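> Fold the stuff below for me.
(one chain, ligands or ions: 1)
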Amino acid sequence: MGEPLDLIMTRRSIRKFKSDKIPDEVITQIIKAGTYAPSALALQPWAFIVIQNMDFMQKVSDYCKPIMISLMKDAHDGMSDEFRELLSSEGYSIYYHAPLMVMVIGKSSSRFREIDCSLCAENMMLAAHALGIGSCWIGSTEVAYDNPEIMAGFRIPEGYSPVGTIVFGYPDEKPDAHDKKPALITWIK
Ligand SMILES: Cc1cc2nc3c(=O)[nH]c(=O)nc-3n(C[C@H](O)[C@H](O)[C@H](O)COP(=O)(O)O)c2cc1C
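Purely as a prediction, here's the structure:
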């Protein structure tokens with residue numbers, strides 16, 4: 001298997017991080033790799049909020065965690081059971097105490113902003129992996145999107161809205177590459 005494919009197939013979500021900071025120039029490099037993603041009409045509707053303030057991350061986590069616990073109460077699909085157990089564990093932060101979080105935001109007026117920004121985010125996670133940095137997309141932040149007080153802390157520029165938050169850090173765990181479900185493919189020849 002060639003190196004790029006190997007990189008794609010060995011990326012895992014990382015949920016245990018060392019406290020070491022990621023240098024700003026490395027963060028910039030990861031974001032730059034994100035911006036090489038395709039985007040509809042080459043509009044590149046993305047922008048980024050780089051958060052290194054652990055107190056702020058803790059505050060958002062404290063707000064989101066009980067809401068997530070309540071939302072996950074009756075979920076049993078996928079890794080729900082495992083995730084519910086994690087959420088309720090002692091000292092759990094929805095951001096896994098990572099030293100960095102990047103919120104990818106997109107131009108609200110851009111029709112394909114969610115797709116464009118998600119492609120950008122995946123590029124960033126793969127670039128991070130190539131640099132020995134772990135990442136995990138944290139969808140749990142979404143439960144705070146309708147709380148103006150929490151959202152003010154993200155300082156999202158006018159005309160943009162959040163697409164996703166991803167935590168990054170040097171991994172303190174090494175999950176094995178895993179098998180994915182076989183792809184459902186319809187061939188039309
Ligand atoms: C949209 C989205 C939201 C996610 N939200 C969370 C989350 O809130 N917390 C978390 O620990 N992992 C989250 N994940 C990571 C997934 O759980 C993970 O990608 C999945 O279990 C597959 O594992 P892998 O990334 O190691 O291949 C999210 C992933 C995506 C794409």
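
> show me what contacts the nearest residue to residue 150 once chain neighbours are set aside?
Here the nearest residue to residue 150 in space, its sequence neighbours aside, is residue 144; by Cβ to Cβ, 6 or more residues apart in numbering that works out to 4.4 Å. Every residue, glycine included, has its C-beta placed from N, CA and C. Contact analysis of residue 144 by Cβ atoms under 8 Å, 6 or more residues apart in numbering lists 60, 63, 64, 150, 151.

> For the ligand, see how far away residue 144 is.
Between residue 144 and the ligand the computed distance is 12 Å (Cβ to the nearest ligand atom, to the nearest Å).

> What does the pLDDT read for that residue?
The per-residue pLDDT reported for residue 144 equals 98.

> Quick check: phi and psi at it.
With angles defined as degrees, to the nearest 10, residue 144 sits at phi -100, psi -10.

> How about this structure: which residue is closest to the ligand?
Of the residues in the chain, the one nearest the ligand is residue 139, at a distance of 2.8 Å by Cβ to the nearest ligand atom.

> Residue 49 is in contact with residue 31, correct?
No. Between residue 31 and residue 49 no contact is recorded; they are 10.8 Å apart, counting by Cβ atoms under 8 Å.

> intersection of neighbour lists for those two?
Common neighbours of residue 31 and residue 49, using Cβ under 8 Å, 6+ apart, are residue 102.

> Does anything pack onto the helix or strand of the chain with the lowest mean pLDDT? Which helices or strands?
Every helix and strand of the chain was ranked by mean pLDDT, DSSP states H and E. The lowest is helix 80-87, at a mean of 87. Secondary structure elements in contact with helix 80-87, counted by 3 or more Cβ pairs under 8 Å, 6 or more residues apart in numbering; DSSP states H and E, are helix 54-71.

> residues touching the nearest residue to the residue of the chain closest to the ligand once chain neighbours are set aside, list them.
Nearest in space to residue 139, with sequence neighbours left out and distances taken as Cβ to Cβ, 6+ apart, is residue 164 at 7.1 Å. When contacts are counted by Cβ under 8 Å, 6+ apart, residue 164 is found next to 103, 104, 117, 118, 121, 137, 138, 139, 141.

> Could you check the pLDDT of residue 164?
What the model reports as pLDDT for residue 164 is 98.

> do the same with residue 169
Per-residue pLDDT puts residue 169 at 98.

> How about the one 3 residues further on?
Note for residue 172: predicted pLDDT of 98.

> I'd like to know the phi and psi angles of it, please.
The phi and psi values for residue 172, taken as degrees, to the nearest 10, are phi -120, psi 30.

> quick one: contacts for residue 64?
Residues counted as contacts of residue 64 (Cβ under 8 Å, 6+ apart) are 94, 140, 141, 143, 144.

> Near the ligand, which residues of this structure are found?
Selection of the chain residues close to the ligand by Cβ under 6 Å from any ligand atom yields 12, 13, 15, 79, 136, 137, 138, 139, 140.
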